[in-house]
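Participant: Please work out how this folds:
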Amino acid sequence: MDFIRNGASVFFFPEGTQSKDGKLRDFMKGAFSVAAKTEVPVVPMTLIGTAGKIMPAGIEGIVNSGFVKVVIHKPIEGSDPEI
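Facilitator: Residues are numbered from 1 along each chain as shown. Predicted coordinates for the structure are as follows:
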């Protein structure tokens, strides 16, 4: 995890899988656990427009062209590595 402490960016998809109905699912603990262990914040990002044609549900590795809106939210500080 030193590469994270040294400033590397890492992407986590906290739901673990793509929603088939577009509804937000419960987050898995991985990103928050890594953030607490490395003492770096989690910077939430929302990707709007990926569902359907750009990233079809159930077809891993397929990414079609299109437009996606990226919203970067305020960082979240965490301190419990057991989360």
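Participant: which helices and strands sit right next to the lengthiest helix in the chain?
Facilitator: As assigned by DSSP state H, the longest helix anywhere in the chain is helix 30-38. Packing contacts for helix 30-38, counted by 3 or more CB pairs under 8 Å, 6 or more residues apart in numbering; DSSP states H and E, involve helix 2-5. C-beta here means a position set from N, CA and C on the backbone, and glycine is covered the same way.
Participant: helices or strands next to the helix it packs on in the packing?
Facilitator: In terms of contacts (3+ CB pairs under 8 Å, 6+ apart), helix 2-5 is packed against helix 30-38.
Participant: list the buried ones in the helix it packs on?
Facilitator: Neighbour counts using 16 or more other CB atoms under 10 Å place 31-32, 34-38 of helix 30-38 among the buried residues.
Participant: same question, stretch 38-47
Facilitator: By neighbour count with 16+ other CB under 10 Å, stretch 38-47 contains the buried residues 38, 40, 42.
Participant: Am I right that the second one is in contact with Ala8?
Facilitator: No. Here Val40 does not reach Ala8: they are 9.6 Å apart, not a contact under CB atoms under 8 Å.
Participant: any weak-confidence spans in this structure?
Facilitator: 18, 80-83 (pLDDT under 70).
Participant: Setting the sequence-adjacent residues aside, check what's closest to the residue of it most remote from its centre.
Facilitator: Of all residues in the chain, Ser65 has its C-alpha farthest from the mean position, at 20.4 Å, by CA atoms, centre = their mean. Leaving aside its chain neighbours, Ser65 sits nearest to Ile54 (7.6 Å; criterion: CB to CB, 6 or more residues apart in numbering).
Participant: And Ala51, by the same measure?
Facilitator: Nearest non-adjacent residue to Ala51 (CB to CB, 6+ apart): Gly22, at 5.9 Å.
Participant: Would you mind measuring from Glu77 to Ala35?
Facilitator: Using CB to CB, to the nearest Å, Glu77 is found at 8 Å from Ala35.
Participant: overlap in contacts of those two?
Facilitator: Pro41 (CB atoms under 8 Å, 6 or more residues apart in numbering).
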